[in-house]
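Enquirer: can you look at this prediction? I've put the sequence above it.
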Amino acid sequence: MKWLRWQGLVLFIVVMALIGGFWFFLADSIVKHAIQLTGTRINGAQVELAEADLHLLPLGITLSDLQVTNPDRPMTNAVQAQRIEFSLDSINLLRRKIIIDTLALDDIRFNTPRTRSGAVASSESGRRTEETDERASGPSGDSADDSFQTPSFQIPDVKEILAREQLNTLVQIKQIRKDIDAAKTGWQERLDQAPNQATFETYQSRAKKLQKGLKGFGDALKRAKDIQKLQKDVDNDLKKLKRIKKDFDRDQKDLRDKIKQLTAAPKKDIDRILNKYSLSADGLGNFSQLIFGDKIGGHIQQAIAWYQKLKPLLNKSGAGQKSETPEKPARGKGVFVRFAETEPMPDLLASRADASIIIPAGNIQGNLKHITTQQQVLGLPLTFNFSGDQFKDLESIAVKGSLDHVDPENTRDMFTAEISSYRINEMALSEAKNLPLNLKNGLADLNISSVLRNDLLDAKIELVIKSAELTVATGVGDSALLEAFRSALADISTFTLTAEVSGPLNGYAVKVNSDLDRVLKQALGRQVEKLTADFKGQLRDGIMQKIKDPMAKANGSMSKFDGITDEIASRLNLGDSVADIVAKDLAGSTKLKF
């Protein structure tokens, strides 16, 4: 057998033995290390794997106990999977494509504790963690426990309020007194320019001269002309005085009207201050927003943070796409040329993933389809569908949705969830120190529907709690507010909470409504009304006492016009007497007797 060369056969056996030994001893470790290194870099916190088993027939991988650390909480795993198994298409693998027909994900758990920290000691992960912490604070950046402030049911101190509040009544009184002083000065100046006693005494002197005997016909004609002129002068001055009196009466009426309006000013001050320091139950109208708004926003922000990590993996360029500015290869090195494919396939594709998820209530079964980093090549969106109906404290759960990035310029992601009759025991609804609200037990129905179009979020969350037992912790104070809360919550057995989330991912708004607002407002209304009435009475007495003297002075200021009134009347009386003399005595004496 000359055709057989023993040296070549031995060399072949040695090479195959080395390849087999490498495969047996090192291949699994290399795969495990590659998964941990790549996963940690993407996640920003440690990704650990207990074991990786690479098998040839058929070609595939089995991963055991995969743990993905939560970057925000290094002592907690965000996801933990007991087993992940899949087979690879060896033909497509030669084409540098990873094609998986069916992927099995068994016993997936969320938020499991870790025995040691999974934080990555690097500046990059530190910055990433800080950014995530900042985003996780929600749109407002404050936690519900820090931002929530309950309205006080303590009656404010009226003396302190009146010491710092400016009363518009006093401002109006001061202005009216200034107006009265200015009007008095103006009228005094106007009277100084008006016909006075001296003016009419002059007219009386002229009348006496004209009463002397007549000396012939010519003298009678001259006296008649003088009398007409005197009568005209007296009438003109009387008209001036009457016009002055008319204007003076009008100004006095305006000032008296302003003083009368002062009687309504204290009520306006009372209403304004009462509204500012109000104990109205309207202050509880946004109770649900204050209690639940930031809490809901925090959960949404956590979901957004994970979505932002996943999003770049959905929008990688693929076959058939040309770069607008192709990179120039390094000198002396080749390039990988991708030829057009008749039926393009993504570089990475898992057609279907069957998964089982373990939650405290039981197991959820479901699947994901069309898992790829190049949806624009595959032409199909990623879809997922999970459900379960055999649980310990839960009737049923159904979660489904899709991530559609087939067109990167027009993305559309959907998510819906329905949870029925979830039994709640000892859930803290609010950990605020001034209102520690607790749901001792109840049955919850939760419905979530959301659509994300090009980073614009539109979501609605509806939570219905039945058979509820709400409590406020004791030992945190004996204020009237907490006592009223305890009494009101004791009568609530069912309530609905609705949250609407809208806006861009980096600036969304959360609007929360609940019938708790209406129930609490009605329950506390009577107590608020009583306390408000007491406060209003004290406030009214305080304001009236403070404005009593200024108001009396304002009313007395009108007496400053008494002298002007008497002066105008005196001048008019004197003018009228002179006018009578001119009209009767002088005019009659000018008649000639033939």
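Expert: Thanks, I have it.
Enquirer: what does stretch 560-576 rub up against?
Expert: 180-181, 183-184, 187-188, 191, 194-197, 200, 234, 237-238, 241-242, 244-245, 248, 252 (C-beta atoms under 8 Å, 6 or more residues apart in numbering). Glycine gets a C-beta too; all of them are placed from N, C-alpha and C.
Enquirer: can you give me the buried ones in it?
Expert: Neighbour counts over stretch 560-576 (16 or more other C-beta atoms under 10 Å) mark 561, 564, 567, 568, 571, 572, 574, 575 as buried.
Enquirer: circling back to that earlier point, any of the contacts of stretch 560-576 buried? List them.
Expert: Applying 16+ other C-beta under 10 Å to those flags 180, 183-184, 187, 191, 194-196, 200, 234, 237-238, 241, 244, 248, 252 as buried.
Enquirer: run through the neighbouring helices and strands of the one helix or strand residue 422 maps to.
Expert: Counting by DSSP states H and E, the element that carries residue 422 is strand 412-428. Judged by 3 or more C-beta pairs under 8 Å, 6 or more residues apart in numbering; DSSP states H and E, strand 412-428 is in contact with strand 396-404, strand 437-453.
Enquirer: could you list the low-pLDDT ranges of the stretch 1-150 of the chain?
Expert: 1-27, 122-150 (pLDDT under 70).
Enquirer: show the residue spans covered by the strands in it.
Expert: Secondary structure of the stretch 1-150 of the chain (DSSP state E, counting those that start in this stretch): strands located at 47-55, 60-70, 73-88, 98-113.
Enquirer: buried stuff in the shortest one?
Expert: It refers to strand 47-55. 47, 48, 49, 52, 54.
Enquirer: which of these lies closest to residue 68?
Expert: Nearest to residue 68 out of the buried residues of strand 47-55 is residue 47 (C-beta to C-beta; 5.2 Å).
Enquirer: that closest one pairs with what?
Expert: Taking DSSP bridges as the rule, residue 47 bridges to residue 68.
Enquirer: could you export the buried residues of stretch 560-576 as JSON lines, including pLDDT?
Expert: Shown next, in JSON lines, are the buried residues of stretch 560-576 (pLDDT from 0 to 100):
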{"residue": "561", "pLDDT": "80"}
{"residue": "564", "pLDDT": "83"}
{"residue": "567", "pLDDT": "83"}
{"residue": "568", "pLDDT": "84"}
{"residue": "571", "pLDDT": "83"}
{"residue": "572", "pLDDT": "84"}
{"residue": "574", "pLDDT": "82"}
{"residue": "575", "pLDDT": "80"}
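Enquirer: among these, which ones are in helices?
Expert: Taking DSSP state H as the definition of helices, the buried residues of stretch 560-576 contribute 564, 567, 568, 571, 572, 574, 575.
Enquirer: ranges for the helices of the stretch 251-400 of the chain?
Expert: Secondary structure of the stretch 251-400 of the chain by DSSP state H, counting those that start in this stretch: the helices cover 265-276, 287-314, 375-378.
Enquirer: buried residues in the first one?
Expert: This means helix 265-276. Quick answer for helix 265-276 (16+ other C-beta under 10 Å): 265, 266, 269, 270, 273, 274.
Enquirer: and the contacts of it?
Expert: With C-beta under 8 Å, 6+ apart, helix 265-276 has contacts from 161, 165, 167-169, 172, 532, 535-536, 539-540, 543-544, 547.
Enquirer: go again using 10 Å as the cut-off
Expert: For helix 265-276, the external contacting residues (C-beta atoms under 10 Å, 6 or more residues apart in numbering) are 156, 158, 161-162, 165-173, 280, 532, 535-537, 539-540, 542-544, 546-547, 551.
Enquirer: out of those residues, which end up buried?
Expert: 156, 158, 161-162, 165, 167, 169-170, 172-173, 280, 532, 535, 539-540, 542-543, 546-547, 551.
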